[in-house]
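Visitor: Here is my input, please return the structure:
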Amino acid sequence: MYEKDLLYVIKPSELEPETLRVLLAQHPEIKFVSFMGIDFAGNDTDEKVPISALLDNMETMLYSHTAQTDGSSVVLPGVASLNDARVDMVADLSVNWFVDYNMEHIDPETGKMVGTLRVPCFLKHNGEFVDSRYLLKETLRYVGDEILKAMKAEGKVPGLAFAPEDVEKITSTSATELEFWVKTPTEDVSTEALSSSQIMQEQYWARTRGNVRTALEQAVEILGYYGLEPEMGHKEVGGVRGQLDANGNMTHVNEQLEIDWKYSNGLQAADNEILVRTIVKEVFRANGLEVSFLAKPIVGVAGSGEHTHVGLGCLTKDGKFYNLMSPADMTKDFLSAVGYGALMGILKNYEVLNPIVSCTTDAFKRLKPGFEAPICIVTSLGIAPDVPSRNRTILAGLIRDLDNPKATRFEMRAPNPFTNTYMALAGFYMAALDGIKAALASGKSTDELCAELSKKSGEDGFYLEKDREYRSENDVFEDYTEEERNKYFGAPPATVWENCKAFDKYPEKVAVLTAGDIIKPVYLKSFEEGALIRWQTELLKHIIPDYRAKVVAMKPVTSESSTAWDDGMWQRVQELRVLIAKDTDTSTSLFTQIAKAFAAGDFDKASDLQKTLDAKMEELEGLYTDYKNNIL
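Guide: The predicted model follows:
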């Protein structure tokens, strides 16, 4: 269906009226135009109109007013309200515009798939831009200007071989990786089978088969048509081998996959991710497979992350590109002063980045101690600069290639496929800027900055907090107790509410994000309010009903071989069922207690009860499994 002669991407240099009219005239299969803005929740709008609307109003839509929506269509609480709802959309001419094709809708005149031109837009309310795309774009501009100013103020940057006055422009280099689960609709695989397969690593990098292989290959090929330069598609750690039915078709598919593609500047990288998610979902659906981007679609089995890569580079006046994080001698230093500062800034301020990165209950199901869960605010550099290493138990990984200094970057391991990448990148770069300014102003050498990052708890630092540690080359789950992890790296939040409380607990770190008046406090408040609304709604309308269905489905099993032990086990199961889901004359169920806590506005209590509920459900499911397995 996808053919090379289709129009897939329109470059910024082509975004002017005459060129656009020619391109669209050459491709009559493009029937619609859709205006895409990104709200604070990371939702992308899809306001679709016939392509004639763009052709008839080209100049106005390109340079003035593109479209209009309202506050009920986007998540901007506290910014756009029902009585002040108008939100204007302004086309972004600085990024690629993609054409989204419908594989199920064929244009009868051309015989090609009907296409929709997706126009990335900024959202404007009462004269101010109020969307995630704009915040990221302006943040990257501000961060670049401030870094260059700080470099020039010092005159020389430790670890860099060129002079700051030779720099023309600071650039961002960013990328995301997409992990996801695929399954055959209406067919489930037992959690026990998935868990044991994971433990034995039966699926990691295994060969794909059947419609999974076809869909994966098609998706990777199509990404190439869009110019995203796909790097690989492969099996991840989760999943089980599918089965063949009598007709030779794959059934009971349940596998975890990953697709990677080339980096870009921060804003384009975030736009690319949305395109990739759309393509993956449609291509796998066309092959009879469901795709889930949830961070933890199956409890007890590996979740899906979306590792986000953060890098900084510069263009010098002679046209050369340099990675600002890479030291002049890759075998002598891990990082330049800019690199050390950026990493320290992200780690020091991560408490207020965390609510942006992980703002759903689903995210916290993944972020639990154990299988590569990045819950500790800590990094790893490697044993020595000339021996690159990878520690997959930490939050921020340093990616280095001794043969390619341009590749140096940080891999943030906590984001998931539903993290708002625009807001997360904006936060990462603002935090990095804070550390870069401190590192450069200190005048310290790269060795001294490495010592600062490697400091032990109780040691004073010129920038990092005295009682914390920020670097470990150990396995943070195997080599530290929970008490030690919490002491050295901070106690991780367990719910959305605990996470969002950091905005009030650390005002000095919030000030790092709001410096430059781009990520305004009102926007962070809007983001927080939206996250808490979703948390409450998800818990009351999705999680509790799902739990209730599981509790109700647990029934006593009658058997002639039942023993007193079986009866005792069922009694324990029944007591937990009542505790969780049933109100009595003398007790109130956890379900009801949570609902009452929300009704009273007591988020602390609701959060604590949620943790209790999750623990009790896990205990109940384990007990019921043991009970059933003992019945003959």
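Visitor: just checking, Asn287 touches Glu217?
Guide: No: contact criterion Cβ atoms under 8 Å: Asn287 and Glu217 do not qualify, at 10.2 Å. (Glycine included, C-beta is placed from N, CA and C.)
Visitor: of these two, who's got more company?
Guide: Comparing Asn287 with Glu217 by other Cβ atoms under 10 Å, the one with more neighbours is Asn287, at 18 against 13.
Visitor: For that one, which residues are in contact?
Guide: Contacts for Asn287 (Cβ atoms under 8 Å, 6 or more residues apart in numbering) come out as Asn211, Val212, Thr214, Ala215, Gln218.
Visitor: Which of the residues you listed lies at the shortest distance from Gly458?
Guide: When the contacts of Asn287 are compared for distance to Gly458 (Cβ to Cβ), Val212 wins out at 51.5 Å.
Visitor: State whether that closest one is indeed within a strand.
Guide: No: counting by DSSP: H, G, I helix; E, B strand; the rest coil, Val212 falls outside a strand, being helix.
Visitor: Which strand runs longest in this structure?
Guide: Counting residues, the longest strand in the chain under DSSP state E turns out to be strand 167-183.
Visitor: Okay, buried residues for that one please.
Guide: Under the neighbour-count criterion of 16 or more other Cβ atoms under 10 Å, strand 167-183 has 167, 170-183 buried.
Visitor: In those residues, find the pair that's most separated.
Guide: Comparing every pair within the buried residues of strand 167-183 by Cβ to Cβ identifies Val167 and Lys183 as the most remote, at 49.6 Å.
Visitor: Show the end-to-end separation of stretch 490-510, please.
Guide: Start-to-end span of stretch 490-510 (Cα to Cα, to the nearest Å) is 17 Å.
Visitor: ok, and what's touching that stretch?
Guide: Stretch 490-510 has contacts (Cβ under 8 Å, 6+ apart) with 348-349, 351-352, 354-355, 358-361, 364, 367, 375-377, 468, 486, 521, 524-525, 528, 531-532, 534-535, 603-604, 606-607, 610-611.
Visitor: Let me know the pLDDT of Asn249.
Guide: In this model, Asn249 is scored at 60, pLDDT.
Visitor: How about Val237?
Guide: What the model reports for Val237 is a pLDDT of 62.
Visitor: And for the one 3 residues further on?
Guide: Val240 is assigned a predicted lDDT (pLDDT) of 56.
Visitor: same check, this time on Arg390
Guide: Arg390 carries a pLDDT value of 82.
Visitor: wait, it sits on Gly397?
Guide: Yes: using Cβ under 8 Å, Arg390 is in contact with Gly397, at 6.6 Å.
Visitor: Just want to know which of the two has more residues nearby.
Guide: Taking neighbours as other Cβ under 10 Å, Arg390 and Gly397 compare with Gly397 leading, 22 against 12.
Visitor: Just confirm that one contacts Ser389, I think it does.
Guide: No: using Cβ under 8 Å, Gly397 is not in contact with Ser389; the gap is 9.7 Å.
Visitor: what is in contact with these two at once?
Guide: Ser380.
Visitor: Quick check: the farthest pair among the contacts of Asn287?
Guide: Greatest spacing in these, by Cβ to Cβ: Val212 and Gln218 (10.9 Å).
Visitor: Settle it for me: which of these two has more neighbours?
Guide: Val212 (23 against 19).
Visitor: surely that one meets Glu255?
Guide: Yes: between Val212 and Glu255 there is a contact under Cβ under 8 Å: 5.8 Å.
Visitor: Let me see the contact set for the residue nearest to Asp131 when sequence neighbours are not counted.
Guide: Of all residues not flanking Asp131 in the chain, Leu123 sits nearest, at 3.7 Å (Cβ to Cβ, 6 or more residues apart in numbering). Applying Cβ under 8 Å, 6+ apart, we find Leu123 in contact with 37-39, 69, 74, 76, 87-90, 129-131, 134.
Visitor: what would these look like in TSV with neighbour count?
Guide: Shown next, in TSV, are the contacts of Leu123 (neighbours: other Cβ atoms under 10 Å):
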residue	neighbour count
Gly37	30
Ile38	28
Asp39	28
Thr69	20
Val74	25
Leu76	23
Val87	25
Asp88	19
Met89	23
Val90	21
Phe129	16
Val130	24
Asp131	26
Tyr134	23
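Visitor: Could you tell me which of these are located in strands?
Guide: Residues of those located in strands (DSSP E): Thr69, Val87, Asp88, Met89, Val90, Phe129.
Visitor: which residues does the fourth one bridge with?
Guide: Met89 has these beta-bridge partners by DSSP bridges: Ala67, Leu123.
Visitor: related to what we said a few turns ago, among the contacts of Asn287, which one lies nearest to Arg548?
Guide: Val212 (33.3 Å).
Visitor: The closest one and Val253, how far apart?
Guide: Taking Cβ to Cβ, to the nearest Å as the measure, Val212 falls 6 Å from Val253.
Visitor: Ok, Ala25 next?
Guide: Here Ala25 is placed at a distance of 43 Å from Val253 (Cβ to Cβ).
Visitor: between those two, which one's more packed in?
Guide: Val253 (24 against 10).
Visitor: Give me the below-cutoff pLDDT ranges for the stretch 151-300 of the chain.
Guide: 186-206, 237-252 (pLDDT under 70).
Visitor: Could I get the full set of helices for it?
Guide: With DSSP state H, counting those that start in this stretch, the ranges of helices along the stretch 151-300 of the chain come out as 191-199, 210-225, 266-286.
Visitor: So which of these is nearest Leu620?
Guide: For the helices of the stretch 151-300 of the chain, proximity to Leu620 was assessed by Cβ to Cβ; helix 191-199 is nearest, at 14.3 Å.
Visitor: Buried ones in stretch 398-406, by neighbour count?
Guide: Buried positions in stretch 398-406, judged by neighbour count with 16+ other Cβ under 10 Å: Leu398, Ile399, Arg400, Pro405.
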